[in-house]
Each structure stands twice: as structure tokens, then as C-alpha cells.
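# no sequence for this one, just the structure:
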């Protein structure tokens, strides 16, 4: 009985990290949806991305709620997020769901993700954390919804005619919030650089 309890306890402790690894494992499945385009593939891509988004919420929630935070989780979680979002945006640009002037919104989001990753790595050396702001959380939610709408195109347009337009508007809102939060993180980081 004791060993069984220990096994359950170990599984519970590793659950947040398993959810993070699930997000990374879903990336090839998302690519396959684009490699074989169809109505089914559109909806499958939306489901895959939604599962990834939900797992992102629950791995952080469980880690904080059950005090299961780990160094591995702190490293993997933002990497998994950036890999999933980056892959989705690149695939959407490659199949011309996002095109022309709208590419700028995708580029802004990708560049900000790289910038913040670099800043976090730099500040880690100085043992300074760069906590996620509330505005950045709102940006992430809007960004996820935008990508979900865009992944549904063209199948989603049979359900909601303006799904592509809604996705692009939300993507631009996310890009503008991305610029603001990226600037805020950069300003905070530069303060620590000046201190050195």
C-alpha cells in the first residue's frame, strides 16, 4: 500500500511536467494537419491547439496550487508555449492564412517571444526573475483565441463566415499588446543592466 501511495504521489508531482511535455509532443500533430489539408484537418488543428492551451493553463495551475513547481518545469513551460505558438504562426503564414501586411503581426509576436526569452536568460544569471504581468496574460489569451480562429480557416468559415477576419483582428490586438508588454519587460531588464 505504501509503495502504491508513493507511486501515486510521484505521478502527481510529475503531472505539471507531463502536461508541458504533451504540448511539445502535439507540435508534430499540428504540422500533419497542415501537410494534409482538409476540413477534418482544420478542425483537428483547432482541437490540438485548444488542448495545448488548456494544458498550458493546468500545468501552471497545478504546479502553484499543489506546490509542485520544479526547475525543469520552470525551464520547459515557456519553451513549450513558444514552440507551439511559433509553429502555429509559421504554418499559418506558410499556407497564406496570414499573408501580406498581416505577416507583420506574426513577426512582432515571434520577435517579442525571442526577446523575452533572451531577457529572462540574461536576468537569471543575475538571479533576477521577470514575472509575467497581468497584461501579458491577457495578451496570451487573445493570441490563443486569434490563432484558434485562424487555424479553423477555411472550414470554420462555413460555421462563422467572418472567422478569418475575427482571427486577424485579434492577432493584431495581441501584436499591439505584445509590443507594449515587450517594451515593459525590456525597460525592467535595462534597469538591472544599469545596476551592473
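Now that the structure is in, tell me what you want to look at. Treat the numbers as computed from the prediction; the structure is a model and nothing was measured.

# from here on, contacts and neighbour counts on C-alpha atoms
Fine.

# need the pLDDT of the closest residue to residue 44 other than its chain neighbours.
Nearest non-adjacent residue to residue 44, counting by C-alpha to C-alpha, 6 or more residues apart in numbering: residue 33, 6.9 Å away. We note a pLDDT of 96 for residue 33 in this prediction.

# now residue 131
For residue 131, pLDDT reads 67.

# now do residue 173 against residue 114, distance only.
Using C-alpha to C-alpha, to the nearest Å, residue 173 is found at 19 Å from residue 114.

# contact partners for the residue nearest to residue 44?
41, 42, 44, 45 (C-alpha atoms under 8 Å, 6 or more residues apart in numbering).

# closest one of those residues to residue 110?
Taking C-alpha to C-alpha as the measure, residue 110 lies nearest residue 45 of those, at 19.7 Å.

# I'd say the closest one and residue 153 touch.
No - with contact defined as C-alpha atoms under 8 Å, residue 45 does not reach residue 153; the gap is 10.1 Å.

# sorry, back to before: output the contacts of residue 33 as a markdown table; include the columns pLDDT, neighbour count and secondary structure.
Below are the contacts of residue 33 laid out as a markdown table (pLDDT from 0 to 100; neighbours: other C-alpha atoms under 10 Å; DSSP: H, G, I helix; E, B strand; the rest coil):
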| residue | pLDDT | neighbour count | secondary structure |
| --- | --- | --- | --- |
| 41 | 95 | 19 | helix |
| 42 | 95 | 22 | helix |
| 44 | 96 | 18 | helix |
| 45 | 96 | 24 | helix |
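
# for residue 157, state which of the residues you listed is nearest.
For those, the nearest to residue 157 is residue 42 (10.8 Å; C-alpha to C-alpha).

# how about the nearest residue to the closest one once chain neighbours are set aside, phi and psi?
Among residues not flanking residue 42 along the chain, residue 152 sits closest, at 5.0 Å (C-alpha to C-alpha, 6+ apart). Main-chain torsions, residue 152, degrees, to the nearest 10: phi -80, psi -20.

# now swap in residue 66 and tell me
Torsion angles, degrees, to the nearest 10, at residue 66: phi -100, psi 10.

# so which residue is dead centre in the chain?
By C-alpha atoms, centre = their mean, the chain has its centre lying nearest to residue 81, at 3.4 Å.
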